[in-house]
Structure formats: C-alpha cells, structure tokens
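> structure of the sequence below:
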Amino acid sequence: MQRAIVVGAGIAGIATSIRLRAKNYNVTVLESNAYPGGKLHATENQGFRFDLGPSLFTMPHFVDELFELHGQNPRDYFNYKKKEVICNYFWEDGTRFSATDGPNSFAQEASRIFGESKERIEKYLGKSKRKYDLTAPLFLEKSLHKRDTYLNKDCLKAILGIGQLDIGKTLDETNKANFKSEKLIQLFNRFATYNGSSPYETPGIMSMIPHLEMHYGTYFPKGGMHRITKSLYLLAQRIGVEFRFSESAEEIMVERGTAIGVRTKKGKYASDIVISNMDIYPTYKKLLPTQEQPVRTLKQERSSSALIFYWGISKKFEQLDLHNIFFSEDYKNEFEHIFQRKSLHPDPTIYVNITSKEEPNDAPEGCENWFVMVNAPGNFGQDWDSLKSQSRKNIVQKLSRCLNTDLEQHIVSEFTLDPVQIENNTSSYRGALYGAASNSRFSAFLRHPNFSSKINNLYFCGGSVHPGGGIPLCLLSAKIVSELIPNNDQ
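Numbers count the residues shown, from 1 in each chain. Got it, this is the predicted structure:
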C-alpha cells in the first residue's frame, strides 16, 4: 500500500487524510501542536468554554460527505441545528436588524428596516445566486491550474455570463449601484471580511457570498465548532489514519524533482505522496528552502488577521443571539486602518459570538461566553500591547453604548488572541486568517494551486491555497487535492 504524509492537522489536513484513506493510501499526519484542528480549536477558562477559531458554520454537507465516503452516518459523530436568525446587526443610532434565514424573509425585513424595496433586495439576492451558480463549478470546486478545468460547459457558461459577475467593480461599488441605504450597503460590504479582504478593493463578484448564508443557511454544531474537529478526528482514527502530534515537519524531502517524504526532528518518513496543510508561505520558506520559490504568489498581500477577546460575562443579554455585529460609524476608514496603516481603527466593527445561547453549559448559570472579535492587520511588528489596550477600551465603550449597560463591570474572566499569537500557534504568515487577501480581480488566479508544477507528488490544501479560507473552502481544497491524486491500486 502506498504511503501519503500530510503536514498539518488543520481541518483541511484531516479532511485530506480521510479522502486519501478512501483511495486506499496509508496516511500519516504530522502536527506540530499537541492537538488536531489548527485554528478550529477550543479551551475553557474559569467555567466558560470558548471556540478559539472559526465561529460560522455553513454548507454542512461538505462535512457530512466525509463520513458518507466511508459508509458512516454523520449523525453518529456530530449533530447540528439550523439557525432561524443568521445574525443580529446593530448601529449606534439605535437601528437594529435581525437577518433571518431565507431570501424572502430577509428581503421583507430588510425592506422594512432600510427603506429599500423588497423587489430590489430580492433582485440583488438573485444576482448573488447566479454569480455563485456560474462560478462555483469553475472557481471553487476544481483546480484553476489544470487545462481540463477550462474545457467544459461550466467554463463556457461562466465566460458567457462574465458581464453579470461585476469583476470590473469593487464590492462597494456593486452594492452602491444596487442600493441607496448606507446601512444596507454596509451590511453587504461586510461579506468581504469572509475572506479577509476590503469591500473597497475586492471585486464585486464577492457579492455572491450572501447566497451561501441565504441558500444554505447557517448552523450551530451541538457541542460547539470544536465538535467539527473532534468528530472528523475520530473518524480519521477509526479508518486508520495515523496522527503524530508535537512533531513538527522540518523539511519536505525532494529528490530529482519528486517529493519522497518528510523529515522531522524525530526522523525521516518516506512517502509516495506529500500534502502540505501548512500555510503556503512557511511551507516554501521552512520546508522547501532550496527549491524554486513562487515569488509572485508569496508576495501577495495577506488577508486581515483578528484581535479576539474571550470574555466571561456575568449577565444575560436577551437582545443578542449566536452571531452579532456592531458596525463602525466610518467603515471605509476602518479598512484603511487595517490594510494601509496596519493599525486598528478607534471605532471598529465588532463581532460578538455567544455559543452559550445554544449550549447553556458553555457558561455558568446566569452568564454568557463572549467571543469578541475585531478585524485587524497582520503582524508587521506593531506595538501590539498598546494596540490591544486601546482597542479593548474602545470596544468596551462601544458595546456599552449600543447595549445601554456598563459592560466592564460584567467581565469576570478574560484572555486574548492577537495576530502574533495566531501566527505562532498556527504558522499562518503574519497571522493572516485566510492566506492571501482577495483585494484584486486576479486574486483567485494568483493563489497557489493545490499541486506543485515543479515537484512531482507534492500537493497543498488549506486556507492559504486555492480556493481560499474558511471551513467550506478548506474542505473543498481537500476534495480538489484528492481528485488530483490517483487511486492507490497497489
């Protein structure tokens, strides 16, 4: 039986290992941390449980199909429920909007709150769906770097519909062409942050992202987001994947243009196939330092990072749900701070995730566990102690104003995660959450492919390569890799 080695036990690495077992490979996963999941991890602090990384779960069928691939019932491993309220949005003037599941109910309530016609909103969401339907088979589900991808009806369909994709406009320009309400424009601009980009730079094709929430819905996994990692890890173990934790890869060994294995401090592992789930930048700089470097790709602008405060709150807030957004009064200036000034805006947009709304045991009685995040620049050597201190003050003041309460007196436990820690914990270059940013119309084509064109038997998965970051795209990267690797019939 041929051997495959996966470097990194992030969700894409685990998913790749599961798919390669279905192709009859003997799979070993090497992970520098003592746990699986990468960013998709969790911890407890003073009686409060927190998911540390991704907090939005959509398109759950991508997880389910990994179990079904091995004849397993996904519900035997983990369960999830669909959310009726996708997200609550708050503005400082007192405006509040609850985005509900389904295009019709969303359009009806958005029309009432923002004064736009229901028909115009439905038309926008219809365009969002068409953009996704045109591009997903080409840009998300296949390798962009194989000729066969372009020799089919899906590609022809996308080319014929290119005028509908708003590639020549920014997302902000696209939204302004559709709406007059500044708040609704801001709400749809927010979807640029789903891949760590700026709505004032990323192309208008990104207006397809709302379709993912409206059509597929948002979900909460029973046990929290970390349950996704734990269930996939359990499946991988049961089907025979070997995990070696606290064992960092030192080098991908290459001989005569072919990857032949991986070297760690503990020894050398020969392999027929090597897949890196590590961020593409340190993959080349650390594991492949003597090989030809894809300079243009490695120089791509990195996505935004995050500054996250994990707060135990000694009060329940009935007006909040699982997902909550408190918008900045100057959105454009906020993104200028992040991407141009490499700093934090004094009036940031704040995301508050509260899993105890769904899992009461995630917080003590009468309390809530708050995951409080602001978008942040990558780690460029800034004075993060000063930035965190000032940002914390601004966040507490803003939330106190919007919620009409003195929030500080209710914070009973606290720890933080900043871009430096994200970079150190996950090997994500500069702490970028999504690898490269999508702040140009060519970003998708500049992302590193899921295979090496220079080194045989070397492949790549995860959020820093095609098709991008976030749980669904990471899982798709694993699927693309598995489809590029032939079945092992030996």
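
> going forward, measure contacts between C-alpha atoms and count neighbours the same way
OK.

> pLDDT below threshold where in this structure?
Along the chain, the model assigns pLDDT under 70 to residues 137-164, 441-445, 490.

> which helix in this structure has the most residues?
In the chain, taking DSSP state H as the definition, the longest helix is helix 384-403.

> which stretches of the stretch 351-490 of the chain form strands?
368-376, 411-417, 458-460 (DSSP state E, counting those that start in this stretch).

> closest to Ser276 out of those?
strand 458-460 (4.8 Å; C-alpha to C-alpha).

> against which helices or strands is the closest one packed?
strand 273-276 (3 or more C-alpha pairs under 8 Å, 6 or more residues apart in numbering; DSSP states H and E).

> what does whatever helix or strand comes next after the strand it packs on rub up against?
Moving toward the C-terminus from strand 273-276, the first helix or strand encountered (DSSP states H and E) is helix 280-282. Outside helix 280-282, the residues that touch it by C-alpha atoms under 8 Å, 6 or more residues apart in numbering are 298, 427-429, 435, 448, 460, 464-465.

> cool, and stretch 255-273?
Outside stretch 255-273, the residues that touch it by C-alpha under 8 Å, 6+ apart are 2-5, 247-254, 274, 454-459.

> could you redo the last one with a cut-off of 6 Å?
When contacts are defined by C-alpha atoms under 6 Å, 6 or more residues apart in numbering, stretch 255-273 is touched by residues 3-4, 248-254, 455-458.

> wait, which of these is closest to Val412?
Ser248 (36.3 Å).

> how many other residues sit next to Val262?
Counted with other C-alpha atoms under 10 Å, the neighbours of Val262 add up to 22.

> let's verify it: helix, strand, or coil?
Recorded secondary structure, Val262: strand (DSSP: H, G, I helix; E, B strand; the rest coil).

> can you check Gly126 too?
Gly126 ends up helix, using three-state DSSP.

> from the chain's centre, how far out does stretch 388-405 sit?
26 Å (C-alpha atoms, centre = their mean, to the nearest Å).

> should've said stretch 351-361
So, by C-alpha atoms, centre = their mean, the centroid of stretch 351-361 is 19 Å from its chain's centroid.

> same thing with stretch 253-261?
Chain-centre distance of stretch 253-261: 31 Å, with C-alpha atoms, centre = their mean.

> how long is that stretch from one end to the other?
5 Å (C-alpha to C-alpha, to the nearest Å).

> which parts of it are buried?
Buried residues in stretch 253-261, counted by 16 or more other C-alpha atoms under 10 Å: 253-254, 258-261.

> which two in those are spaced the farthest apart?
Greatest spacing in these, by C-alpha to C-alpha: Thr258 and Gly261 (9.3 Å).

> could you pull out the buried residues of the helix or strand harbouring Ser111?
With elements taken from DSSP H and E, the one containing Ser111 is helix 103-114. Residues 103-104, 106-111, 113-114 are the ones in helix 103-114 that count as buried (16+ other C-alpha under 10 Å).

> got the residues you listed as a markdown table, with distance to Gly381 columns?
Output for those, formatted as a markdown table (distance: C-alpha to C-alpha, whole Å):
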| residue | distance to Gly381 |
| --- | --- |
| Pro103 | 43 |
| Asn104 | 46 |
| Phe106 | 42 |
| Ala107 | 44 |
| Gln108 | 46 |
| Glu109 | 44 |
| Ala110 | 42 |
| Ser111 | 45 |
| Ile113 | 42 |
| Phe114 | 41 |
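
> check contacts around Leu52.
Per C-alpha under 6 Å, 6+ apart, neighbours of Leu52: 41-42.

> run the angle between the longest helix of the chain and strand 411-417 for me.
140 degrees (axes from the mean of the first three to the mean of the last three C-alpha atoms, to 10 degrees).

> give me the angle between helix 384-403 and strand 368-376.
Relative orientation of helix 384-403 versus strand 368-376 (the same axes, to 10 degrees): 120 degrees.

> then helix 384-403 to CSV, C-alphas only?
Provided in CSV are the C-alpha atoms of helix 384-403 (Å, rounded to 0.1, in the frame of the first residue of the first chain):
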residue,chain,number,x,y,z
TRP,A,384,0.5,45.0,20.0
ASP,A,385,0.4,45.6,23.7
SER,A,386,-0.5,49.2,23.1
LEU,A,387,-2.9,48.4,20.3
LYS,A,388,-4.7,45.7,22.3
SER,A,389,-5.0,48.0,25.4
GLN,A,390,-6.5,50.9,23.4
SER,A,391,-8.7,48.6,21.3
ARG,A,392,-10.1,47.0,24.4
LYS,A,393,-11.1,50.3,25.8
ASN,A,394,-12.8,51.3,22.5
ILE,A,395,-14.6,48.0,22.3
VAL,A,396,-16.0,48.1,25.8
GLN,A,397,-17.1,51.7,25.4
LYS,A,398,-18.9,51.0,22.0
LEU,A,399,-20.6,47.9,23.3
SER,A,400,-21.7,49.7,26.5
ARG,A,401,-23.2,52.5,24.4
CYS,A,402,-25.0,50.1,22.0
LEU,A,403,-26.3,47.8,24.8
